[in-house]
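> heads up, no residue letters with this:
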């Protein structure tokens, strides 16, 4: 599965792959495989990223186009 919003959210926050990988506690090369769709991102990391970016997991996964998490 390809997660185009991972890259969009990261770039909109002016962060590098290395910086996001550090937040997730993984190597930059592993994170890169998530952005390119070569590896499926684990659910726990989607949750961490949603909290970090203050968005919903559904937005990251492409299930909604509304970036704001539901209240």
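Arrived safely, thanks for sending. Computed from a predicted structure; not experimentally measured.
> what number of residues lie near residue 50?
Neighbourhood size, residue 50 [other C-beta atoms under 10 Å]: 18. In short, each C-beta sits where N, CA and C put it, glycine included.
> contact partners for residue 28?
Going by C-beta atoms under 8 Å, 6 or more residues apart in numbering, residue 28 touches 16-18, 21.
> one more: residue 10?
16-17, 20, 35.
> can you list contacts of the lengthiest helix in the chain?
The longest helix of the chain (DSSP state H) is helix 43-53. Among residues not part of helix 43-53, those counted as contacts by C-beta under 8 Å, 6+ apart are 6, 9, 13, 20, 23-24, 26, 34, 56-57, 59-61, 69.
> just stretch 59-71 next, same as before
For stretch 59-71, using C-beta under 8 Å, 6+ apart, the contacting residues are 3-6, 9, 46, 49-50, 53-56, 58.
> so how far is that stretch off the chain centroid?
Here the centre of stretch 59-71 is set off from its chain's centre by 12 Å, with C-alpha atoms, centre = their mean, to the nearest Å.
> and for stretch 15-29?
On C-alpha atoms, centre = their mean, the centre of stretch 15-29 falls 11 Å from the chain's centre.
> now swap in stretch 23-38 and tell me
9 Å.
> quote the end-to-end distance of that stretch.
Taking C-alpha to C-alpha, to the nearest Å, the first and last residues of stretch 23-38 lie 20 Å apart.
> any buried residues in it, and which?
Using 16 or more other C-beta atoms under 10 Å as the test for burial, stretch 23-38 gives 24, 31-32, 34-35.
> related to what we said a few turns ago, in helices only, show me the contacts of residue 10.
17, 20, 35.
> for the nearest residue to residue 27 once chain neighbours are set aside, give me its contacts.
Ranked by C-beta to C-beta, 6 or more residues apart in numbering and with sequence neighbours excluded, the top spatial neighbour of residue 27 is residue 21, at 6.1 Å. Going by C-beta under 8 Å, 6+ apart, residue 21 touches 27-28, 30-31.
> do residue 33 as well
residue 39.
> show me the shaky parts of the protein.
Applying pLDDT under 70 to the chain picks out residues 1, 71.
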